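Participant: quick one, structure for this:
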Amino acid sequence: MALHVPKAPGFASMLKDGARYFSGLEEAIIRNIDACKEFAETVQTCYGPNGMNKMVINHLDKLFVTNDAATIIRELEVEHPAAKMLILGAQMQESEVGDATNLVIILAGQLLKEAEDLIRMGLKPTEIADGYEKALDKALELLETLPCLEVKNTKDTTDVQKAIRTAVMSKQYGHEDFLAELISKACITILPEKTTFNVDNVRICKILGSGVHKSQVVPGMVFRRNVESNITKKENCKVAIYTCPVDAMQTETKGTVLIKSAAELTDFSRGEETQLENQIKAIADAGATVIVSGGKIGDMALHYINKYNMLAVRITSKWDIRRLAKATGATALPRLTAPTSEELGMADSVYLDELGDTEIVVFKVGSEESRVSTIVVRGSTDNYMDDIERAIDDGVNVFKGLCKDGRLTAGGGATEIELAQQIAAWGETHPGLEQYSIGKFAQSLEVVPRVLAENSGVKAKEVISSLYAAHTQGNKNVGFDIEGEGGDVKDCAEAGVYDLLLSKKWAIKYATNAACTVLRVDQIIMAKKAGGPKPRDTSGPMDQDDD
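Facilitator: Residues are numbered from 1 along each chain as shown. Alright, predicted model coming up:
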């Protein structure tokens, strides 16, 4: 009989074999803080226009070369539960504002780093978290007093460009003016009068070849496909969109036909052809000159489409079908029936074009009616175009933020230093222990200009002391000068470096919430993972003899 080995007394005795349990300051809290610090230090080298790129290979072996924090954290499968808290905060920022995800992680990491010093001094983690929350309320209150510009008219290209330029600059330094102009043009042309702006209505089509300066905005949709029919161009056309295949209808039940003579055989096949011709003719008679199909277009149907002088395009993605229906104002029909005049969409021109060696079909919709615009991105490699796409995505999200709240603050770390200075002075008026954590909150905000300076290869301490000196004299908008020699500072509002107030507000909020959540954890209990042993990796050779 097997000998029963008793478990060690304590909490571990209640858990299954294989479960892990950590508690106490050193094991749980400091361990969590270390993991978050490591994670924040990984992404902070990507921050700002001079930030470095990361090469990430995900679980599907897809390669990403980017400095976009949102993409990096999405593709990395982080296991540590405390680091996941920071990721959740950054993902909330991504869904709320769409920009400044890196700021959330950097600031949360710095808050935890400063908290570690206070814990080693003897403060309780809950006291630190309370102080941080008080400082957060004060920071959000002060932030409302710091806007230096407000974009009142979101249809004014020059004002919109000022806001978008900085967001694009952190991803594509050097092309920011050109890309900001493209993005603002694409967004303003589709800005609806009454409803809110939808980010999904700015499409991106990436075509290999040429250079980024050959990119352009097309009001309407662009597809990397070929036309099916002989006709390749139509002007001022009506568009019929079908989600079903354009072909002879298959019957739902199988039947057997008994044919006794050659005449019956010809009549049988001719009947099918006549029915298909009548369907195509009815579509042509309804006024449609362009047919878009979500399924295949049969050879016989194509013959009749050419006969009635119509253009046919096949689009396999149901999402693209929906967007095209929205862009042209058509209704996507599930059956091959003649469309009514309300169900037809309008396009200024539909034509086949060639960019580089890629064939594209362009649906150009008049600027008045179009609710979708496409930015055609050109570039030398796929990775490079993916990075431009991410920069455009950030720019479009900034425009969405402008539509909600048009206030802008000075960039380049100016807002953070002003907040740090005022919060530090306010913290000293507190008699309790929270004054220490409020002071550390203020110090943590210095991380933004410091990281910008470090990534530019400048001594951070000199930059921060110059910024504090300028802000003490009342120059609220002075920030770090990335383009200057050495540790120069400049008035960021005059230089046109602006940040969206909305993204700053949410970033500080989410970073503090994430840091406080991590600080309030005193035990980590990890259950044994479900399932049996991991499946064997079969990607390599099976036996030693295999090649």
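
Participant: name the helices or strands packed onto the helix or strand where residue 439 lies?
Facilitator: Under the criterion DSSP states H and E, the helix or strand holding residue 439 is helix 434-445. Helix 434-445 makes packing contacts with helix 101-121, helix 125-143, helix 414-427 when contacts are defined by 3 or more Cβ pairs under 8 Å, 6 or more residues apart in numbering; DSSP states H and E. Where you see a C-beta, it was placed from the backbone N, CA and C, and this is true even at glycine.

Participant: out of those, nearest to residue 175?
Facilitator: Taking Cβ to Cβ as the criterion, residue 175 comes closest to helix 101-121 out of these, the separation being 19.4 Å.

Participant: now the helices and strands packed on helix 434-445 as TSV including mean neighbour count, distance to residue 204 and mean pLDDT?
Facilitator: Below are the helices and strands packed on helix 434-445 laid out as TSV (neighbours: other Cβ atoms under 10 Å; distance: least, Cβ to Cβ, whole Å; pLDDT from 0 to 100):
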stretch	mean neighbour count	distance to residue 204	mean pLDDT
helix 101-121	24	19	91
helix 125-143	19	32	91
helix 414-427	23	30	91
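
Participant: possible to save these as CSV with distance to residue 205?
Facilitator: Listed next are the helices and strands packed on helix 434-445 as CSV, based on distance: least, Cβ to Cβ, whole Å:
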stretch, distance to residue 205
helix 101-121, 25
helix 125-143, 38
helix 414-427, 36
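
Participant: closest to residue 248 out of those helices?
Facilitator: For the helices and strands packed on helix 434-445, the distance to residue 248 is smallest for helix 101-121, at 51.5 Å, taking Cβ to Cβ.

Participant: now the angle between helix 125-143 and that closest one, please.
Facilitator: Computed with axes from the mean of the first three to the mean of the last three Cα atoms, to 10 degrees, the direction of helix 101-121 lies at 140 degrees from that of helix 125-143.

Participant: report the distance from helix 101-121 to the chain centre.
Facilitator: Centre-to-centre, helix 101-121 and its host chain are 25 Å apart (Cα atoms, centre = their mean, to the nearest Å).

Participant: which other helices and strands contact it?
Facilitator: On a contact count with 3+ Cβ pairs under 8 Å, 6+ apart, helix 101-121 meets helix 31-44, helix 69-75, helix 81-96, helix 125-143, helix 434-445, helix 447-455, helix 501-519.

Participant: now the angle from it to helix 501-519?
Facilitator: Relative orientation of helix 101-121 and helix 501-519, computed by the same axes, to 10 degrees: 40 degrees.

Participant: residues in contact with stretch 196-209?
Facilitator: Residues external to stretch 196-209 that are found in contact with it (Cβ atoms under 8 Å, 6 or more residues apart in numbering): 98, 154, 183, 186-187, 190-191, 221-224, 323, 326, 355-358, 360, 371-382, 385-386, 389, 392-393, 396-397, 399-400, 403.

Participant: list the buried ones in it?
Facilitator: Along stretch 196-209, the positions that meet the burial threshold by neighbour count (16 or more other Cβ atoms under 10 Å) are 197, 201, 202, 203, 204, 205, 206, 207, 208.

Participant: cool, and stretch 466-476?
Facilitator: The neighbour-count criterion (16+ other Cβ under 10 Å) identifies 466, 467, 468, 470, 471, 475, 476 as the buried residues of stretch 466-476.

Participant: got the end-to-end distance for stretch 165-183?
Facilitator: 9 Å (Cα to Cα, to the nearest Å).

Participant: wait, a helix at residue 354?
Facilitator: No. Remark: residue 354 does not belong to a helix; assigned using DSSP: H, G, I helix; E, B strand; the rest coil, it is strand.

Participant: for the residue nearest to it when sequence neighbours are not counted, helix, strand, or coil?
Facilitator: Leaving out its chain neighbours, the residue that sits closest to residue 354 by Cβ to Cβ, 6 or more residues apart in numbering is residue 360, at 7.3 Å. When the structure is split into helix, strand and coil by three-state DSSP, residue 360 lands in strand.

Participant: what bridges to residue 360?
Facilitator: According to DSSP bridges, the residues that bridge with residue 360 are residue 353.

Participant: ok, it - contacts?
Facilitator: By Cβ under 8 Å, 6+ apart, the residues touching residue 360 are 205, 207, 222, 223, 224, 225, 352, 353, 354, 376.

Participant: give me the element the first one is part of.
Facilitator: Spelled out, it's residue 205. Secondary structure assigned from DSSP H and E places residue 205 in strand 202-208.

Participant: mean confidence for that strand?
Facilitator: If you average the pLDDT over strand 202-208, you get 89.

Participant: residue 167 reaches residue 394, doesn't it?
Facilitator: Yes. The pair residue 167 and residue 394 qualifies as a contact (Cβ atoms under 8 Å) at a distance of 4.7 Å.

Participant: please state the offset of the least confident helix or strand in the chain by mean pLDDT from the chain centre?
Facilitator: Taking mean pLDDT, DSSP states H and E as the measure, the helix or strand of the chain with the lowest value is helix 24, at a mean of 75. Its chain's C-alpha centre and that of helix 24 lie 38 Å apart, by Cα atoms, centre = their mean.

Participant: from here on, call the first residue 637.
Facilitator: Understood, numbering begins at 637; the last thing we discussed is helix 660.

Participant: other SSEs contacting it?
Facilitator: Here helix 660 touches no other helix or strand, going by 3+ Cβ pairs under 8 Å, 6+ apart.

Participant: any regions of this structure where pLDDT drops low?
Facilitator: In the predicted model of the chain, residues 637-646, 648, 886-888, 1003-1006, 1167-1183 satisfy pLDDT under 70.

Participant: neighbouring contacts of the helix holding residue 1075?
Facilitator: Here helix 1070-1081 has contacts from 743, 746-747, 749-751, 753-754, 757, 759, 763-768, 770-772, 774-775, 1052-1053, 1055-1057, 1059-1060, 1062-1064, 1066, 1148, using Cβ under 8 Å, 6+ apart.

Participant: quickly run through the sheet partners of the strand holding residue 841, with directions.
Facilitator: When sheet partners are counted by DSSP bridges, strand 838-844 sits next to strand 1009-1015 (parallel).
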